[in-house]
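1. Provided below are the primary sequence and the corresponding predicted coordinates.
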Amino acid sequence: MADEQDVGSPKPSAVEVAKTASHYLRGDIAKELADGVPGFGKASVQLLKNHGTYQQDDREARKAREGAKSERQISFMIRTVVPGGKLTAAQLLAAIDMGDELGNGTIRLTTRQSIQHHGVVKGELKDFMRRVHANHLTTLAACGDVERNIMCCPAPIHGNPVREQMQAKLDELARHLAPRTRAYYEIWLTDPDTGEQQRVAGGPEVVEPIYGPTYLPRKFKTAFALPEDNCTDIYANDLGFLVVHEQGRILGYNVLAGGGMGVTPSAAKTFPALAKRLGFVPPEDVLAIAEAIVKVQRDHGNRSDRKVARLKYTIHTMGLENFRAKVEEYFGKKLAPCHPADVHGFDDHIGWFPQGNGKHFYGLNVENGRVHDSGSFRLKTALRQILREIAPGVRITAHQSLLFSDLAAGDRDRIATILRAHGVKTSEEISTVRRWSMACVALPTCGLAVAESERVLPGLIDSLEPEVAKLGLAADAFTIRMTGCPNACARPYNSDIGIVGRTAGKYTIFLGGRLLGDRLNEQYKDVVPFEDLCREITAVLACYKAERTAVETLGDFCHRKGIDGVRSWAGEWLAGARGHG
């Protein structure tokens, strides 16, 4: 009988048990902060994610310590919430300073338009959080089983009511879906001498009106996009709002639901998915429909198996029509059918552009989002000079790069001079293939990584650049996205070329997605050694060069020809049957 009851009522996962017992994300975090050991207990490690920090183990530092092979080298990754990627120069400067003073000397711009710090030790966590707060930002809900940093096209174009209203709606939704718990303020922002909180979240605490005491079954990601500019990769998100506009006026939003890239290799039940078109809402219903979808996921998502707990699996289990009906029940009315509008353009906003108010903005490519100084390459120092002397507005893009806004015409030469003086190429000087590449952090700190990513992709691009030039494809834009494991933080499964870590030094290659982000790619070759990646990709590009139509992108060509067709052609090319001309 007990076994039958277990089958009928799956036990909640350990993370769910920890959240339920945590009293709205408090748990034992405050007590363990003061216990003098380098890390936290298992329950606190999970709860801390909702406060914006991951406990990590630097595997290389561990191995380097003589006589301490089994001793973990614990530090913390901390992520800051930056809705839509909008910052001031002072805020980015403060973040860079925190990286130097409390982290590992770098910061990282993420694929969700936020900032990550690495290498913070436990004893400095509280100081770090207080400094983030003093910088008028927060880490609350940057990670964990909640709505995470909401994305939006960051282009600071003035006099465009559609973009301005979209960005304003993002800010409104970010406030609406933020957790209400005061645990964050009690733990991190309480004066240790007086017990006074630096910020009170207003009145007595109430039950989380949207999340409830157990929050969501898994992380939840939302993005806004324009049909003509899907720079936020809207189809890769749990929830997407695609702006429908005519003649400078927003008619409403097509609502997309159920996107997500992560896969667990050992679990065949897991898969990447693109969001599905759910319905259309007017602007005034954005908050209500988002809340309804979040609550359906809260009440119907899988709380026993975290591998299949994302919204994409809830929709897969329920079926799209049943899911839509349940959302309408929570929403309180029927959803209108989607407007025909869909994504048809993608702009990474790299380079110089008029801003619409007599000023300009400049998109600076930051390779893999890592802001650091190394040898003659001193990006961190160059950014400090630009931020202090010019004080531009700042936006982080979904491709891990920076936009500087409110620039005068004379700032163009000034910025170029500063960058070159610090060994940093301007965006105009980098190759197209490098510009459209992206990688996750991976080794040595990510606990899920099985292969390198961020540290090796620049070298792979170095090898690819001359091959691309020889083929006459230097001007072609195609996405190369690399991850150290199948959890896919750099969104490899809808790119033109996806490279996913399989095991140490070996990767799976995927082909056939595209720049627009609205099509999944397919597995092309598995267990490819890193040293063979350049050859394999060059063969694919040679096939594309030889047989594409005049208007085809790389992804569209691979999709039309078929993976088997590309594999056969490229195999002959590699064997020398077609030569290398």
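-> That came in fine, so what should we check first?

2. make it CA atoms for all contacts and neighbour counts henceforth
-> OK.

3. quick one: contacts for residue 485?
-> 442, 448, 449, 450, 451, 500, 501, 502 (CA atoms under 8 Å, 6 or more residues apart in numbering).

4. quick one: it from residue 400, how far?
-> Separation of residue 485 from residue 400 (CA to CA, to the nearest Å): 19 Å.

5. can you tell me the distance between the two ends of stretch 434-444?
-> Using CA to CA, the end-to-end distance of stretch 434-444 comes to 23 Å.

6. What residues of it count as buried?
-> Of the residues in stretch 434-444, those buried by neighbour count under the rule 16 or more other CA atoms under 10 Å are 434, 435, 436, 437, 438, 439, 440, 441, 442, 443, 444.

7. Of those residues, which belong to helices?
-> Using DSSP state H, the members of these that fall within helices are 434, 435.

8. From the buried residues of stretch 434-444, pick the one nearest residue 390.
-> Comparing these against residue 390 with CA to CA places residue 435 closest, at 24.6 Å.

9. From what I see, the closest one and residue 364 are in contact.
-> No: between residue 435 and residue 364 there is no contact under CA atoms under 8 Å: 9.8 Å.

10. Give me the common contacts of the two.
-> Here residue 435 and residue 364 have residue 427 as joint contacts, going by CA under 8 Å, 6+ apart.

11. Pretty sure residue 77 sits against residue 117.
-> Yes: with contact defined as CA under 8 Å, residue 77 and residue 117 form a contacting pair (5.5 Å).

12. tell me the phi and psi of residue 403?
-> Backbone geometry at residue 403, expressed as degrees, to the nearest 10, gives phi -110, psi 130.

13. Look up the pLDDT of it for me, please.
-> You'll see residue 403 listed with a pLDDT of 98.

14. for residue 190, same thing?
-> Residue 190 is assigned a pLDDT of 84 by the prediction.

15. what's the answer for residue 224, then?
-> Here the pLDDT value assigned to residue 224 is 98.

16. Correct me if wrong, but it is in a strand.
-> Yes: assessed with DSSP: H, G, I helix; E, B strand; the rest coil, residue 224 lies in a strand.

17. Quick check: buried residues in stretch 324-336?
-> Here stretch 324-336 shows 324, 326, 327, 328, 330, 331, 335 as buried, counting by 16+ other CA under 10 Å.

18. Turn those residues into JSON lines, columns for pLDDT and distance to residue 467.
-> Below are the buried residues of stretch 324-336 laid out as JSON lines (pLDDT from 0 to 100; distance: CA to CA, whole Å):
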{"residue": "324", "pLDDT": "98", "distance to residue 467": "48"}
{"residue": "326", "pLDDT": "98", "distance to residue 467": "52"}
{"residue": "327", "pLDDT": "98", "distance to residue 467": "50"}
{"residue": "328", "pLDDT": "98", "distance to residue 467": "52"}
{"residue": "330", "pLDDT": "98", "distance to residue 467": "54"}
{"residue": "331", "pLDDT": "98", "distance to residue 467": "53"}
{"residue": "335", "pLDDT": "98", "distance to residue 467": "50"}
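
19. Helices - which of the residues you listed land there?
-> 324, 326, 327, 328, 330, 331.

20. of those, closest to residue 257?
-> Relative to residue 257, the closest of those is residue 324; by CA to CA it sits at 9.8 Å.

21. How about the contacts made by the closest one?
-> Residue 324 sits in contact with residue 278, where contact means CA under 8 Å, 6+ apart.

22. Could you number the chain from 57 rather than 1 from now on?
-> OK, 57 is where the count begins now, so the last one is residue 380.

23. separation between it and residue 300?
-> Where residue 300 is concerned, residue 380 sits at a distance of 20 Å (CA to CA).

24. Do I have it right that residue 339 meets residue 310?
-> No: under the criterion of CA under 8 Å, residue 339 makes no contact with residue 310, lying 10.3 Å away.

25. These two - which one has more neighbours?
-> Set residue 339 next to residue 310 and count neighbours by other CA atoms under 10 Å: residue 310 wins out with 24 against 16.

26. Looks like the more buried one contacts residue 301 (just checking).
-> No: between residue 310 and residue 301 there is no contact under CA under 8 Å: 10.6 Å.

27. where do the strands sit along the stretch 157-306 of the chain?
-> For the stretch 157-306 of the chain, the strands defined by DSSP state E, counting those that start in this stretch cover 163-165, 171-176, 278-281, 295-302, 305-313.

28. Walk me through which strands the last one pairs with, and which way each runs.
-> Just to be clear, that refers to strand 305-313. Strand pairing for strand 305-313, determined by DSSP bridges: strand 295-302 (antiparallel), strand 332-337 (antiparallel).

29. got any ranges where the stretch 307-456 of the chain has weak pLDDT?
-> The stretch 307-456 of the chain contains no residues with pLDDT under 70.
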